[in-house]
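Participant: When you get a sec, could you give me coordinates for this:
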Amino acid sequence: MKIKRFLRALLSVVATGGIVLALWPLGQNAYGIWSQHALKASWQKDATSSPDSAKKSDSKPSSKKPLVSTHTGSASAQTVASSDAPTVQQPTGQNASAVEEWPATRLIIPTLNLDVVVVQGWDDPSLREGPGHCPGSALPGEPGNCLIAGHRNVYGSWFYRLDELSPGAEVKLRTHHHTYTYNTLYTTTVSDMDTTLMQPLAPSTRPRLTLLTCTLPHSSNRIAVIAELASDQS
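Facilitator: Prediction:
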């Protein structure tokens, strides 16, 4: 009888553990979706409370200091805890003030039906809320390389279809003051330790946007989409 009770208890524990493991990814994605819902609500509230900002969303950038993301994350991009987000070194020669001045920004990719708020930071808590901007990299529309990483299979899976982007596809960064349109140049796969894409750009290079995510199912490689600011955005 004791053996039977032990076996029943063991089976119960195993079954419960299996259910938890099965539901865990769903819980992660639900958290990511809920976080984005809250961020978009905050975005809309800021836009409606600042009519002048809303009217300027598709005009030339305002000289007014941009709004700061409410989630600053880590001040360093050297460590990313998540398995499906890039682990890279802090970029050098980029915009040193980006940590303090990252504006409330939405990433919009029409061909992927993606519209998501970008948070500041590449640490794990930041990326759970949405794609994250690398501290120290360029701001939207500014010279240099704007680096944004995102999850592909957890916490909203916002970059799940990132590898589907083809050359010429539009990628937009929308702040409360301006919408910056980038055109995709190419998509490539790099090692998670490859920092080539993080190096400073030549002064003559047009502003760039680099989107990073993991390869699936699990790999030490990263998918990188390289886009360039459209010529009519200058």
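
Participant: Can you tell me who residue 186 pairs with across the strands?
Facilitator: Counting by DSSP bridges, residue 186 is bridged to residue 226.

Participant: For this structure, which segments count as strands?
Facilitator: 105-109, 114-120, 132-133, 145-149, 170-174, 179-191, 208-214, 221-229 (DSSP state E).

Participant: counting contacts, what elements does the last one pack onto?
Facilitator: Put plainly, it is strand 221-229. Using 3 or more C-beta pairs under 8 Å, 6 or more residues apart in numbering; DSSP states H and E as the contact test, the elements touching strand 221-229 are strand 179-191, strand 208-214. For glycine as for every other residue, the C-beta is placed from the backbone atoms N, C-alpha and C.

Participant: tell me which residues in it are buried?
Facilitator: For strand 221-229, a neighbour-count test (16 or more other C-beta atoms under 10 Å) marks 222-229 as buried.

Participant: per-residue confidence for the nearest residue to residue 203 once chain neighbours are set aside?
Facilitator: Leaving aside its chain neighbours, residue 203 sits nearest to residue 143 (7.7 Å; criterion: C-beta to C-beta, 6 or more residues apart in numbering). Here the pLDDT value assigned to residue 143 is 92.

Participant: what residue ranges in this protein are flagged as low confidence?
Facilitator: For the chain, residues meeting the criterion pLDDT under 70 lie at 1-29, 31, 50-100, 218, 234.

Participant: now do 90
Facilitator: Scanning the chain for pLDDT under 90 picks out 1-104, 122-129, 136, 151-158, 176-177, 190-205, 214-221, 231-234.

Participant: Which stretches in it count as helices?
Facilitator: Along the chain, counting by DSSP state H, helices occupy 2-49, 51-55, 98-101, 124-129.

Participant: what's near enough to touch residue 183?
Facilitator: Going by C-beta atoms under 8 Å, 6 or more residues apart in numbering, residue 183 touches 168-171, 227-228, 230.

Participant: same thing but at 6 Å, please
Facilitator: Counting by C-beta atoms under 6 Å, 6 or more residues apart in numbering, residue 183 touches 168, 228, 230.

Participant: Any chance of those in JSON lines with distance to residue 202 as columns?
Facilitator: Listed next are the contacts of residue 183 as JSON lines, based on distance: C-beta to C-beta, whole Å:
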{"residue": "168", "distance to residue 202": "23"}
{"residue": "228", "distance to residue 202": "13"}
{"residue": "230", "distance to residue 202": "19"}
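
Participant: wait, which of those residues is closest to residue 41?
Facilitator: Comparing the contacts of residue 183 against residue 41 with C-beta to C-beta places residue 230 closest, at 29.6 Å.
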